[in-house]
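Q: Generate a structure from the sequence data that follows.
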Amino acid sequence: MRFLVIGGTAFMGPHVVKRLVGLGHEVAVFHRGKTRAVPPAGVIEFLGDRHLIDQHAGALLAWKPEVIVDMVLITEADAKDLMRVFEGTAKRVVAVSSIDATKAYGVLHGTESGAPIGVPFDEDTPVREHLYPYRGKVPGLDDYDKILVEREALAHPGMPATVLRLPMVYGPGDRQRRLRHLVRRMDAGRPAILLEAALAAWRGSRGYVENVADAIVAAALDPRAAGRVYNVAEEPALEERAWAAAVGAAAGWKGKFVEAPGDKLPKALQADFNTAQHLHASSARIRKELGYKEAVAFDEGVRRTVASERANPLPPKPEETDGDAAEEKVLREMGKW
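A: Numbers count the residues shown, from 1 in each chain. The predicted structure is shown next:
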């Protein structure tokens, strides 16, 4: 088959491309040319800005892709452009979304009212009522909303879409550096790391980058995925204390985690979200319908990510240095330092 991957050169994308090529498919990548990833031999590259996709429509359509895998659908306008350009040519679209589309995410961050959503939640869970979760908070993401992306993608029966709601994705190349806050302190030789008790018990869905890429490929290959929404997540979703312990084990850290009530901690050391709302998504549907399972074991994925953090260290930020001092002060007062 012929697959056009939009994006495909940053974090997850190269793994998606590599898997498809390894399975013998023809693959093209449409990207800006601003990342260093080198596609496998035989992959065709179209260079351009997806926000100006109309300017490249002729070349993209001439290649006659059968399935579009869009890794960088950010706004409603992105989705509208995608569907307008390719409907009538491609057979299907795989739209990469996020569990931040769910109401649970809004309850977690205080933008949605009501009691916490029960977990694990499936794909039929309510979505957020309030749009644009990062408007005014994250530069460049004022118009970001995966809810609008999903609605537009699923509204075209002539080119059915598959929506994948991704979790927190970790692994080498993660620009959010999700393990850095732990690995940095462990490698500094700190004898103890403080966890707010409520945060220690919180559960959030995660996925290792190569395994998440495999889920995207599974959806792209299987026509039964047309019109379906799938959560992608490791099972089980670990409590934060267990996640931190796994990172510590991978790092060979000999220290200990110390839990303390939030009201005993300075604000900088308290969780900045509603820990009563877990972000635990069920991935039972994709496992049952598409036979998805992780190829990289959990411990190995964490080990690789820790190794990547160590290979690409960043100097501590001033706020991190201040946080370290505040943490040490509390631990000394508790007699744990």
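Q: Which other helices and strands does the helix or strand hosting Arg332 contact?
A: For Arg332, the host element (DSSP states H and E) is helix 318-333. Helix 318-333 sits against helix 180-187, strand 192-196, with contacts defined as 3 or more C-beta pairs under 8 Å, 6 or more residues apart in numbering; DSSP states H and E. For the C-beta atoms, the positions are set from N, CA and C on the backbone; glycine is no exception.
Q: could I get those as a markdown table with mean neighbour count, distance to Glu333 and mean pLDDT?
A: Listed next are the helices and strands packed on helix 318-333 as a markdown table, based on neighbours: other C-beta atoms under 10 Å; distance: least, C-beta to C-beta, whole Å; pLDDT from 0 to 100:
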| stretch | mean neighbour count | distance to Glu333 | mean pLDDT |
| --- | --- | --- | --- |
| helix 180-187 | 19 | 18 | 97 |
| strand 192-196 | 19 | 11 | 97 |
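Q: Pipe the ones you listed into a markdown table and attach distance to Ala28 per row.
A: Output for the helices and strands packed on helix 318-333, formatted as a markdown table (distance: least, C-beta to C-beta, whole Å):
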| stretch | distance to Ala28 |
| --- | --- |
| helix 180-187 | 34 |
| strand 192-196 | 45 |
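Q: how near is the residue nearest to Lys256 when sequence neighbours are not counted to Ala250?
A: Nearest residue to Lys256 in three dimensions, chain neighbours excluded: Ala192, at 5.4 Å (C-beta to C-beta, 6 or more residues apart in numbering). As judged by C-beta to C-beta, to the nearest Å, Ala192 and Ala250 stand 18 Å apart.
Q: gap between His278 and Val302?
A: Noted for His278: a distance of 20 Å to Val302, by C-beta to C-beta.
Q: about what we covered before: nearest to Ala115, out of the helices and strands packed on helix 318-333?
A: Closest approach to Ala115 among these (C-beta to C-beta): strand 192-196, 21.5 Å.
Q: Note down every partner strand of that closest one and its orientation.
A: Strands that pair with strand 192-196, judged by DSSP bridges, come out as strand 256-260 (parallel).
Q: All the helices of this structure, residue numbers only.
A: Using DSSP state H, the helices of the chain run over 13-22, 57-62, 76-86, 103-109, 146-153, 180-187, 197-200, 209-221, 240-251, 284-290, 298-311, 318-333.
Q: just so I know, which of these lies nearest Met159?
A: Nearest of the helices of the chain (C-beta to C-beta): helix 76-86, 6.4 Å.
Q: Give me the contact list for that closest one.
A: Contact partners of helix 76-86, identified using C-beta atoms under 8 Å, 6 or more residues apart in numbering, comprise 6, 50-51, 53-54, 57, 60-61, 65, 68, 70, 72-73, 93, 95, 143, 145, 148-149, 151-153, 155-156, 159.
Q: ok, of those, which come out buried?
A: Neighbour-count burial (16 or more other C-beta atoms under 10 Å) applied to the contacts of helix 76-86 gives 6, 50, 53, 57, 60, 65, 68, 70, 72-73, 93, 95, 145, 148-149, 152-153, 156, 159.
Q: Understood, closing this out.
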